[in-house]
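S.K.: Here is the input, now give the coordinates:
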Amino acid sequence: MSLNNLANAVIRRFQQWGDSDDIEEVINLQREALALYGPSHPNWSMSLNNLANAVLKRFEQQGNPKDIDEAIELYRKALAVHAPSHPNRNKSLNNLGAAICIRFEQRGDSKDIDEAIELHKEALTLCEPTDPSRSSSLNNLANAIQTRFEQRGNPKDIDEAIKLHKEALALWGPSDPNRSGSLDNLANAVQARFEQCGDPRDINEAIELHREALALYGPSNPNRSGSLNNLANAVQTRFEQHGDPKDIDEAIELHREALALCEPPHPDCGMCLNNLAGAVITRYQHQGDPKDIDEAIELHREALAVHAPPHPDRSRSLANLGTAICVRFEQWGDSKDIDEAIKLHREALALHVPPHPDRGMSLDNLANAILRRFEQRGDPKDIDEAIELHGEALVLCGPSNPSRGGSLNNLASAVHTRFEQQGDSKDIDMAIKLHREALALFAPHHPDRSFSLSNLADAIRTRFEQRRDPKDIDEAIELHREALAVCAPSHPNHSRSLNNLAIAIIIRFEQQGNSRDINEAIELHRKALALHAASHPNHITSLNNLAGAVRIRSEQHGDSKDINEAIELQREALALHPLSHPKRSTSLNNLAVAVQTRFEQCGDPKDIDEAIKLHQEALALRAPPHPGRGASLNSLGLCLIATYAHSKHTHDLDQACALFQEAAMYLSSSPHIRFHHARSWAGNAARYAHISALPAYHAAIELLPRLAALHLDLPSRQEILSTAQGCTLASDAAVCAVGLGKFNTAVQFLEASRSVFWSQALHLRTPLDALAETEPDLAGRLAKLSRQLEMASFRDTSRNKLIDTPNTIISIESEGIRCRELNEEWEKLIQSVRVLPGFKDFLQSKDINALKRAAISGPIVILTTNASTCFALIITLSSDVQYVKLPQIDFPRVNHLAAHSRALSKQELSELDARLMGGPEGLISVPPEDAFRQLLAELWRNVVKPVFDALNLRRSLNPPRLWWCPTGNFAFLPLHAAGLYEPLMTDCAMDYVVSSYTPTLTALLDPPVEGITQFKMTAIVQPKTYNCPPLPGALTELKNIEQHIPQEWLTALGDTAPATVNSALTHLRESQIMHFACHGTQDLEQPLESGLILTDGRLKVSEIMRRPEDSTVSNVKKSMSLAFLSACETAKGDKSVPDEAMHLAATMLFAGFQGVVATMWVMNDLDGPKIADTFYEHLFKNCDPNSNPPVLPDLTQAAKALHLAVAKLREDPIIPFSRWVPFVHYGL
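M.R.: Residues are numbered from 1 along each chain as shown. From the prediction side, this is the model:
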């Protein structure tokens, strides 16, 4: 026994001082003792346990994996000696369970933790309620279960652990020496539950328990340092939640006291150094004293030196030091720091081979450091590696792992960062999806919920900046408000939440212009800045944010106080960014923009010179592929343009346009940003007649389809185009081309930049017959993908915060990602087709020769206006494009006439601007009929007659066809009805031509349908509709139709059979003619919701666009030839996107009909029957269903039939303009 006694004495000394020579002596003594006992000796098991204990102590100090394995084997041998009835079996079970638990913490093998729990459970069953060892068994089992909770995150585990710890504590009286250990154990478990669930009562309870435990440890107690550390960690955790500075100061003092008790070579010295350093870093991150970050790094270096290889805590010390150095890098930007941090994290990761439980943490740490380096240097290899590492970390976090939320956030943030550099839209969608998944894991009181809310909001805000979906910016603001509400004013992240909310509100202000938004944002930024002392790490960010907001307000109100304050704030921020700081370029750019703004307001040339210098310095720091380079290029270009405007030095203009061009082509920017830069290039190049103007417009127009890509749902595409085009891109590009005498180019620009919505959708319905003949497999794959993308376009992505669950929203995001993947595959297939012989131009923009074929049946007149001119371009099959200047009308006048046309159509205008009458300024009372007469006369004199003169057209009893293709606000003018309508003389467009309209030239390129042997017409009438005025004329209209249509060809719905939405859709795809006599409506807010009102609801534009699942392009085209929309507002466009033809007539053309009769505004119920009578009389006058083959109507005569019907209606002297003018024909 003397060997054991000596070993016990030496072990006590080791526990006090941690001298490695002592533990080696203990092990040697225990081995010597064990050698004296054979397996049958009664002290054999005791000696095995003693040796195992000593080897385990050495493992805890030095980390040699052979030691933990040997200790476990020794404990197993000891347990084997202790049969179930042996009095020491309980102790052996606990020893073995504890050792296996330690190995699990080192290696992460799930089988180890499960075995440890089972061993501890068996040990507990051997303890009677009065057994003195029961408390230890309860604590051991609870600790093992808590360890499993920390791996798998099952809340039942932590609740069970707490229950067991409380039961153990109840067994110790107030003065029992074991009570303090139980108090610490219970406190640790309660704190672990707080860190998952966030209930503040838990962290407060944990602190009180730790205080009670500490009070039981005297100054010389060897466990006092551990208790000090426990209390300090809990107080620090509370600080991180509530932000009371007294907490972090107390935590640091507690850690200092603990460290003083563990001087080297104490085994806990390294841990104490790391703990103190961690607390000091936390204080630095919230208070910003640079002494703190330097002290923390030195402490971590000391800890690393203590944890020499192969110490089990070396990897943690490496990670801690790497993280601290990374924090310093974020403040000062020294490249050596970030390189060292990455090196340390790589070394730490190398020590965490699978399945080590800390491997995921090491992967995330390394990824975060590499991400910081990417943000400084912009090397795409860094961002890709960071994402790969975060992805590997996420794989290691199962669905119930408490670290999964953080891992999802890490990966999402990295993917978000890559999007900001490379602009791949699937990245921002993936980031949002990951952030939503993370948020769903954080309960309302979870301490990380605010952080997760902010991350999600930031990602959604970024997506808004790309796609301009107003739902996104509203959701981002709502999420930021929720995050702010979670952060009390004392919370360390309160200022971050204030800044984030303000940024989102500013973006909405820039979109919507509400002054309350910009004022609220400035107040939020001021509050955030007030929370940051000058030394605080976030002080610079707050300065920049406030300065930016004040500058933006100055641009709206022109207050010199605002712009001067903004500049001073930006100068202060820049002074805090040393030359090597990764965000110095941003600060330079911000100051430059502010100084540039003051120049624009005040005109001091010193300001523009300084702005140029600052932008040049910023650009030099943003070498490719830096994500901010595009913005710097564009900003510097704008400064040089401002200089050129004063200096007229050609060099300035050339340099500016070169910068704009580089910005527009910079692939590291998103398509939306590149489009903005291309518009900047085009606008300035055109304004100053630079040679690059045409290429600039070409670059902008080429990006439109990418902005409204096919993976987006229909409303999103429409909204993006509304924002991107701004109603002027098409006309501006055409005006530029015309100014250079490039009339063909002008036509191509107009075709490519207008009706992008329809062009994109039509790409999915392109016949693939020719491709199928040569590459049937490729044609089949393309047809399938096109069908999938088209069906996905109709998905509902709307949100309802009252009923949508997080899983519902995640599902919507996932579907968006799937659609993006389909779109990418579709685009790759298109490229594959284009390399085939004969398919080089497959789905490419058509050249002028192809477009001219649209004029095979008559001339097409494109009308265009912008701020500088108005003109017509006339396309004929056999001649060059003809340019006709319209000098008597200008851009404001076209807009003015369009507004009056809309007002007259509603019969809401009782007073008309005197300018319309050619009189003085002011308002005069004008009868509607006179107002119409004047409007049509002005259109005749200044628009239509000059075009007819250019075509040498004369009045005729059999006038030729002519197509109007109006752009911009010309689309709202009744060009077909223009004329002089005087009592004694009429000279009008109807005397010269049969007018039709077309949204694009491409819409006229499909040849008329041939080979139809069976004919069907469906007439839908709705004399009575719920919530709508009755239409008694609808039944008369049906009777008039029946007089001219053979009975076997005609199906009527709405009179005897109900006209439901579904029945209408079915007949729509089976009929050559669809006639609707019902109410129609235009939804100005959501054009895709416009439609025809039937028995059971609205037949919407979006539903008409949708093709049946089993239909093909060819079988639809064979059916649908003519749609007659005898309803209100069926050719009334959306004034926000006049160049997108968002009305029912255009929808019918897209759906497959080749001709459409529609109305520009509200029609009179009495006129439908009259128009239909004459229309169908002419169209069917020579038809015979009984001949062989049947004589079918020539539906290309629809325009002529409408022309005759309107002329007859016009002849009635009591019929006002408002009743005959609205009828129009679209298409062939």
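S.K.: Just the element for Ser585, please.
M.R.: If you go by DSSP states H and E, Ser585 is part of helix 584-602.
S.K.: ok, now His435?
M.R.: helix 425-440.
S.K.: Give me the next element, helix or strand, following that helix.
M.R.: As assigned by DSSP H and E, the chain's next helix or strand after helix 425-440 is helix 449-467.
S.K.: What angle do helix 425-440 and that following helix make with each other?
M.R.: 160 degrees (axes from the mean of the first three to the mean of the last three CA atoms, to 10 degrees).
S.K.: list the buried ones in the helix or strand that helix 449-467 is followed by?
M.R.: Proceeding N to C from helix 449-467, the next assigned helix or strand is helix 470-486, under DSSP H and E. Neighbour-count burial for helix 470-486, counted by 16 or more other CB atoms under 10 Å, picks out 471-484, 486. Every C-beta, even on glycine, is put in place using the N, C-alpha and C of the backbone.
S.K.: ok now do the residue nearest to Glu572 when sequence neighbours are not counted, which residues does it touch?
M.R.: Spatial nearest neighbour of Glu572, chain neighbours left out: Leu543 (5.5 Å); criterion: CB to CB, 6 or more residues apart in numbering. With contact taken as CB atoms under 8 Å, 6 or more residues apart in numbering, Leu543 is in contact with Leu529, Leu569, Gln570, Glu572, Ala573, Leu576.
S.K.: repeat that with 10 Å
M.R.: By CB atoms under 10 Å, 6 or more residues apart in numbering, the contact set of Leu543 is 525, 528-529, 532, 534, 568-576, 587, 590.
S.K.: Could you do Ala682 as well?
M.R.: 657, 660, 664, 690, 692-701, 729, 732-733, 736.
S.K.: Find the residue closest to it in space, skipping its chain neighbours.
M.R.: Nearest residue to Ala682, sequence neighbours excluded (CB to CB, 6+ apart): Ala696, at 3.7 Å.
S.K.: Could you tell me which ranges of the stretch 1001-1150 of the chain sit under the pLDDT cut-off?
M.R.: Residues of the stretch 1001-1150 of the chain meeting the criterion pLDDT under 70: 1007-1011, 1083-1088, 1106-1120, 1127-1143.
S.K.: Can you show me the helices along it?
M.R.: 1033-1044, 1061-1068, 1101-1105, 1113-1117, 1144-1151 (DSSP state H, counting those that start in this stretch).
S.K.: Of all these, which one is nearest Asp202?
M.R.: Proximity to Asp202 (CB to CB) singles out helix 1101-1105 among those, at 50.8 Å.
S.K.: Just the buried residues of that closest one, please?
M.R.: Neighbour-count burial for helix 1101-1105 [16+ other CB under 10 Å]: Val1101, Ser1102, Glu1103, Ile1104, Met1105.
S.K.: Can you spell out which helices and strands pack onto that helix?
M.R.: helix 714-725, helix 776-793, helix 1061-1068, strand 1091-1094, helix 1144-1151 (3 or more CB pairs under 10 Å, 6 or more residues apart in numbering; DSSP states H and E).
S.K.: make it 8 Å
M.R.: Where contact means 3 or more CB pairs under 8 Å, 6 or more residues apart in numbering; DSSP states H and E, helix 1101-1105 is packed against helix 1061-1068, strand 1091-1094, helix 1144-1151.
S.K.: and these, which is most packed in?
M.R.: Of all the helices and strands packed on helix 1101-1105, helix 1144-1151 has the most neighbours on average by mean count of other CB atoms under 10 Å, namely a mean of 26.
S.K.: Okay, angle between that one and helix 1061-1068 too, please.
M.R.: Using the same axes, to 10 degrees: helix 1144-1151 against helix 1061-1068 is 60 degrees.
S.K.: And helix 1144-1151, how far out from the chain middle?
M.R.: Here helix 1144-1151 shows a centroid-to-chain-centroid distance of 31 Å under the convention CA atoms, centre = their mean, to the nearest Å.
S.K.: Which SSE is immediately downstream of that helix?
M.R.: Immediately after helix 1144-1151, counting by DSSP H and E, sits strand 1155-1159.
S.K.: the inter-axis angle of that next one versus helix 1144-1151?
M.R.: Going by the same axes, to 10 degrees, strand 1155-1159 makes 160 degrees with helix 1144-1151.
S.K.: May I have strand 1155-1159 exported as PDB, CA atoms only?
M.R.: Taking C-alpha atoms only, strand 1155-1159 is exported to PDB below (Å, rounded to 0.1, in the frame of the first residue of the first chain):
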ATOM      1  CA  GLY A1155     -55.800  39.000 -84.500                       C
ATOM      2  CA  VAL A1156     -57.800  40.700 -81.800                       C
ATOM      3  CA  VAL A1157     -60.600  43.200 -81.700                       C
ATOM      4  CA  ALA A1158     -60.600  45.200 -78.500                       C
ATOM      5  CA  THR A1159     -61.400  48.500 -76.900                       C
END
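S.K.: Next, the angle from whatever helix or strand comes next after that strand to helix 1033-1044.
M.R.: As assigned by DSSP H and E, the chain's next helix or strand after strand 1155-1159 is helix 1167-1179. Angle of helix 1167-1179 versus helix 1033-1044, following the same axes, to 10 degrees, is 10 degrees.
S.K.: Surely Trp44 touches His82?
M.R.: No - with contact defined as CB atoms under 8 Å, Trp44 does not reach His82; the gap is 10.6 Å.
S.K.: Just give the closest residue to the spatially most central residue of the chain, not the sequence neighbours.
M.R.: Most central in the chain under CA atoms, centre = their mean is Arg463, positioned 2.8 Å from the mean C-alpha point. Leaving out its chain neighbours, the residue that sits closest to Arg463 by CB to CB, 6+ apart is Ile428, at 4.9 Å.
S.K.: dump the residue contacts of the one you found.
M.R.: Val415, His416, Phe419, Ala459, Thr462, Arg463, Gln466.
S.K.: Surely the first one forms part of a helix?
M.R.: Spelled out, it's Val415. Yes - under DSSP: H, G, I helix; E, B strand; the rest coil, Val415 sits within a helix.
S.K.: List the residues that contact it.
M.R.: Going by CB under 8 Å, 6+ apart, the list of residues near Val415 reads Ile387, Asp427, Ile428, Met430, Ala431, Leu434.
S.K.: and the first one, how many neighbours does it have?
M.R.: Read it as Ile387. Ile387 has 22 neighbours, counted by other CB atoms under 10 Å.
S.K.: quick one: it from Leu56, how far?
M.R.: Applying CB to CB, to the nearest Å, the value for Ile387 to Leu56 is 40 Å.
S.K.: Same check on the third one?
M.R.: Counting by CB to CB, the gap from Ile428 to Leu56 is 51 Å.
S.K.: what do you get for Asn866?
M.R.: Counting by CB to CB, the gap from Asn866 to Leu56 is 83 Å.
S.K.: repeat for Ala438
M.R.: 38 Å.
S.K.: and Asp987, that's in a strand?
M.R.: Yes - counting by three-state DSSP, Asp987 is found in a strand.
S.K.: How is the residue nearest to it when sequence neighbours are not counted assigned, secondary-structure-wise?
M.R.: Using CB to CB, 6+ apart and skipping the chain neighbours, the partner closest in space to Asp987 is Leu980 (4.7 Å). In three-state terms, and counting by three-state DSSP, Leu980 is strand.
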